[in-house]
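J.: Generate coordinates for the sequence data below:
(chains A, B, C and D)
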2 protein chains.
Amino acid sequence: MDAVYDPRREGGGRPPLEPQVTPTLSGKERRDTYHHGNLREELIAAGMRLAQVGGPEAVVLREVNRAAGVSHSAAYRHFPDRDSLLWAVCERAMSELARRMEKRMAELPPRRDRKRHAWEALEATGQAYIEFALAEPGWFRTAFGVPLELRPIAPGEGSGDSGLDPFQLLAGCLDELVATGALPSERRRGAEIGPWAAVHGLATLLVDGPLRGTGPKELALQVRTVLGMVMHGL
Amino acid sequence: MDAVYDPRREGGGRPPLEPQVTPTLSGKERRDTYHHGNLREELIAAGMRLAQVGGPEAVVLREVNRAAGVSHSAAYRHFPDRDSLLWAVCERAMSELARRMEKRMAELPPRRDRKRHAWEALEATGQAYIEFALAEPGWFRTAFGVPLELRPIAPGEGSGDSGLDPFQLLAGCLDELVATGALPSERRRGAEIGPWAAVHGLATLLVDGPLRGTGPKELALQVRTVLGMVMHGL
DNA sequence: TCCGGTCTGTGGACGCTGTCTACGACCCGA
DNA sequence: TCGGGTCGTAGACAGCGTCCACAGACCGGA
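T.: The predicted structure is shown next:
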């Protein structure tokens, strides 16, 4: 009643293609025990490797099994279907984004001026977000571009080492801006959406939108322009 | 060398599923001539119908052929492969977006105050953009979420009735702002990116990002917040 | 120590996909 | 009238996600 024709397609046969990456033994070396021991984890790791290169659509169940060195349907002992595995990979990619944002903030120079530091932190999160999208387009597309439909968004998932997800990291920056008096507290509620939309939009347009292929010079200008608009218009 | 494993997958078999939409005779009624007469156009139209419901991944070549009432590979006489058909659909979806933006601008009340009108026009384009994404998520995802990789971006494609694409419509608004003195001309260069990123980002997050399912009240606030940030931070 | 149950991995099916190819119907100009 | 080019047909093929019957491996109780 919902999906009339199956909204899943693509794939199917293709002409020869070069031989698959390491058609035999992969993941680790060929295991000698019948039971793998840590297959679930290995499947997600293999999915991450595939997603890094080709985005979510590269997470082909049979290819993931192949990369883990197991039979083509072994993953069904750990995930009910392909989407479930993809969600796990997607969450992992989101965590990686959070981790890069945290790293970038941690690298900020210390400042006596707390207000200035708060602004720099906000800018750093935005820069890290866009850098992640450009450096790891496959993961970025996986983190956000998953069919999801009914993806369960469990709390605490997609978080970095601090336990905060990208959205919460942004919220923390805004809270700090309020705490330092840089942002009037009456403008705080719902203020995440502006910076998030702007940065996410730029990243999306750059990664697989009409702006892909932008040269480094033009790109730097675009990032500066967007972040300037955000900080000016907050 | 580029795509190691074919970055095209998904699909494959699925359990029964309900019978396809009108397995026999579809598109128009079953034709009686051997030659279709206008197959290329009909294929694109069928692709648009499928994309409207299920996004780009719903544009299944065999299903498109089926909907047009021809054999499963008839489309190969008009498109070299599935992607080419998808690009045509994608361009059509982009045109539809441009058309809705134009419509929204045309509906603006006339103003003696040209500057005010220019601001309202900018706001209207942004609102139309987001409304389109929410009203036609399938088309929106098709317009922007296509593999593209090497999609040829021909000039003049994806345009509305005025012959301008969404980006050019936005540029026009900014030009008018400069002409009326609302925006200093030295800030004009590259100014499209800010509004575009913010609006596109919000639309993306709402359509298939973490913000999907936002209620109408919260949504209205988000749209207002983002557009406010754009106009304030320009 | 053996024995049965439960995980977990195997391998073969199925129907779906995109694509290729040989073929056949039609249209049109010579 | 005929012959070539255009356009649709039909059957193949490999790869996909998924299901199923089966088998190896582990574990607790007798």
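J.: could you point out which element follows the helix or strand residue A:89 falls within?
T.: Per DSSP states H and E: residue A:89 is located in helix A:82-106. For helix A:82-106, the following helix or strand on the C-terminal side (DSSP H and E) is helix A:114-135.
J.: That next one to helix A:82-106, inter-axis angle?
T.: 140 degrees (axes from the mean of the first three to the mean of the last three Cα atoms, to 10 degrees).
J.: Would you mind listing the outside residues contacting whichever helix or strand comes after helix A:114-135?
T.: Counting by DSSP H and E, the next helix or strand C-terminal to helix A:114-135 is helix A:137-144. Helix A:137-144 is contacted by residues A:48, A:51-56, A:58-59, A:86, A:89-90, A:93-94, A:96-97, A:132-133, A:158, A:200, A:203-204, A:207-208, B:204, B:208-210 when judged by Cβ atoms under 8 Å, 6 or more residues apart in numbering or on different chains. No exception for glycine: its C-beta is placed from N, CA and C like everyone else's.
J.: in the next helix or strand after helix A:137-144, what counts as buried?
T.: The C-terminal neighbour of helix A:137-144 among helices and strands, as given by DSSP H and E, is helix A:166-179. In terms of neighbour count (16 or more other Cβ atoms under 10 Å in any protein chain shown), helix A:166-179 has its buried residues at A:166, A:168, A:169, A:170, A:171, A:172, A:173, A:174, A:176, A:177, A:178.
J.: same deal with stretch A:102-109?
T.: Result for stretch A:102-109 [16+ other Cβ under 10 Å]: buried residues A:102, A:104, A:105.
J.: now, which of those residues sits nearest residue B:43?
T.: Distances from residue B:43 to the buried residues of stretch A:102-109, taken as Cβ to Cβ, are shortest for residue A:104 (47.2 Å).
J.: what bits of chain A have low per-residue confidence?
T.: Counting by pLDDT under 70, chain A shows low-confidence ranges at A:1-32, A:147-156.
J.: same thing but at 80, please
T.: A:1-37, A:146-157 (pLDDT under 80).
J.: of the buried residues of helix A:166-179, closest to DNA strand C?
T.: Closest approach between the buried residues of helix A:166-179 and DNA strand C, by Cβ to the nearest atom of the strand: residue A:166, at 32.0 Å.
J.: who touches that closest one in this structure?
T.: Contacts of residue A:166 (Cβ under 8 Å, 6+ apart): A:94, A:97, A:98, A:101, A:125, A:129, A:158.
J.: Any figure for the gap between it and residue B:230?
T.: 21 Å (Cβ to Cβ, to the nearest Å).
J.: repeat for residue A:94
T.: 26 Å.
J.: Where do the domain boundaries of chain A fall?
T.: A:16-79, A:94-233 (automatic domain parsing).
J.: Using JSON lines, lay out those domains together with distance to DNA strand C.
T.: Listed next are the domains of chain A as JSON lines, based on distance: least, Cβ to the nearest atom of the strand, whole Å:
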{"stretch": "domain A:16-79", "distance to DNA strand C": "3"}
{"stretch": "domain A:94-233", "distance to DNA strand C": "16"}
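J.: Adding distance to residue B:81, write the ones you listed out as TSV.
T.: What follows is the domains of chain A, written out as TSV (distance: least, Cβ to Cβ, whole Å):
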stretch	distance to residue B:81
domain A:16-79	14
domain A:94-233	19
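J.: Narrow the contacts of residue A:166 to those that are buried.
T.: A:94, A:97, A:98, A:101, A:125, A:129, A:158.
J.: so who does the fifth one touch?
T.: With contacts defined as Cβ under 8 Å, 6+ apart, the neighbours of residue A:125 are A:101, A:104, A:105, A:166, A:169, A:170, A:173.
J.: for residue A:190, helix, strand, or coil?
T.: Under DSSP: H, G, I helix; E, B strand; the rest coil, the three-state class of residue A:190 is coil.
J.: Tell me, how many residues neighbour it?
T.: 12 (other Cβ atoms under 10 Å in any protein chain shown).
J.: Now do the contacts for it.
T.: B:221, B:222, B:225.
J.: Give the PyMOL command for selecting the buried subset of these.
T.: A single PyMOL command selects the buried members of the contacts of residue A:190 (16+ other Cβ under 10 Å):
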select buried, chain B and resi 222+225
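J.: Keep only those of the contacts of residue A:190 that are in helices.
T.: Using DSSP state H, the subset of the contacts of residue A:190 located in helices is B:221, B:222, B:225.
J.: so can I have JSON lines of those showing distance to residue B:68?
T.: Converted to JSON lines, those look like this (distance: Cβ to Cβ, whole Å):
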{"residue": "B:221", "distance to residue B:68": "44"}
{"residue": "B:222", "distance to residue B:68": "40"}
{"residue": "B:225", "distance to residue B:68": "44"}
